[in-house]
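J.: Need coordinates for the following:
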Amino acid sequence: MFHIVLFQPEIPPNTGNVIRLAANTGCSLHLVKPLGFELDDKRMRRAGLDYHEFSSMQIHESWADCQQSLAGHRFFAMTTKGSARHDRIIYEKGDVFVFGPETRGLPEEIRAEFAADRRIRLPMMPDNRSLNLSNAVAITVFEAWRQMDFAGAS
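T.: Next up is the predicted model:
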C-alpha cells in the first residue's frame with residue numbers, strides 16, 4: 001500500500017505504535033538509523049503488541065540506503081514546515097511518507113531535497129509545536145488510505 005519512513009526515531013512506544021498501524025493498514029515500515037533505542041526494547045514491543053509478525057519492516061543504515069531501496073516511488077516529507085496540507089494531496093499506491101525524529105523533526109538538509117508540494121503539513125492550532133509522531137503517521141496514512149477507498153480492508 002504505502003511506505004512509512006521513520007528517520008532516526010527516538011521514542012520506543014511511538015515506533016511500536018507505528019508498527020501496529022503499519023500492520024493494520026498494509027503499509028511497509030522503514031526505520032533509518034541511528035535509532036534512539038534497541039529494537040528489542042520492551043516499551044516498543046508492548047506498544048506494538050503482537051503486531052510485529054504482521055508488519056513489513058526494514059532497517060536502513062542511512063537515509064541514502066532508504067532512498068535507494070524505495071527508488072521509483074513518490075516521496076513526501078511530513079513536516080511542520082511544510083507548505084502543502086495533507087488532505088489536499090492526491091495520493092497514489094506506493095507513496096512514501098517520511099517523518100523525522102520526535103524531538104527535532106526532519107533536518108533541513110533532508111527537507112531541502114523535497115519540492116515544496118512534497119513537503120506536507122498537518123493542520124494544527126497556532127503556536128503549537130507539533131503532534132505526537134505516531135498520531136501524525138496515523139492521520140497521514142488514514143487520509144491516503146481513505147483516498148484509496150480503504151483498499152484491502154475488511
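
J.: residue ranges of the strands in this structure, please?
T.: Assigned by DSSP state E, the strands in the chain fall at 3-7, 28-32, 56-60, 75-78, 84-85, 96-99, 119-121.

J.: Turn those into JSON lines, columns for mean pLDDT.
T.: As requested, the strands of the chain are exported to JSON lines (pLDDT from 0 to 100):
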{"stretch": "strand 3-7", "mean pLDDT": "98"}
{"stretch": "strand 28-32", "mean pLDDT": "97"}
{"stretch": "strand 56-60", "mean pLDDT": "92"}
{"stretch": "strand 75-78", "mean pLDDT": "98"}
{"stretch": "strand 84-85", "mean pLDDT": "96"}
{"stretch": "strand 96-99", "mean pLDDT": "99"}
{"stretch": "strand 119-121", "mean pLDDT": "97"}
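
J.: mind giving me TSV with those and columns for mean neighbour count and distance to residue 139?
T.: The C-beta positions use only the backbone N, C-alpha and C, and glycine is treated the same way. Output for the strands of the chain, formatted as TSV (neighbours: other CB atoms under 10 Å; distance: least, CB to CB, whole Å):
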stretch	mean neighbour count	distance to residue 139
strand 3-7	24	12
strand 28-32	21	16
strand 56-60	15	21
strand 75-78	24	9
strand 84-85	14	11
strand 96-99	24	10
strand 119-121	20	11
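
J.: can the ones you listed go into JSON lines with extra columns for distance to residue 150?
T.: What follows is those, written out as JSON lines (distance: least, CB to CB, whole Å):
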{"stretch": "strand 3-7", "distance to residue 150": "17"}
{"stretch": "strand 28-32", "distance to residue 150": "17"}
{"stretch": "strand 56-60", "distance to residue 150": "18"}
{"stretch": "strand 75-78", "distance to residue 150": "20"}
{"stretch": "strand 84-85", "distance to residue 150": "21"}
{"stretch": "strand 96-99", "distance to residue 150": "17"}
{"stretch": "strand 119-121", "distance to residue 150": "20"}
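
J.: Out of those, the one nearest residue 113 is which?
T.: Residue 113 lies closest to strand 75-78 among these, at 7.8 Å (CB to CB).

J.: Can you name the residues bridging to the residue nearest to residue 98 when sequence neighbours are not counted?
T.: Spatial nearest neighbour of residue 98, chain neighbours left out: residue 5 (4.4 Å); criterion: CB to CB, 6 or more residues apart in numbering. Applying DSSP bridges to residue 5 gives these bridge partners: residue 30, residue 98.
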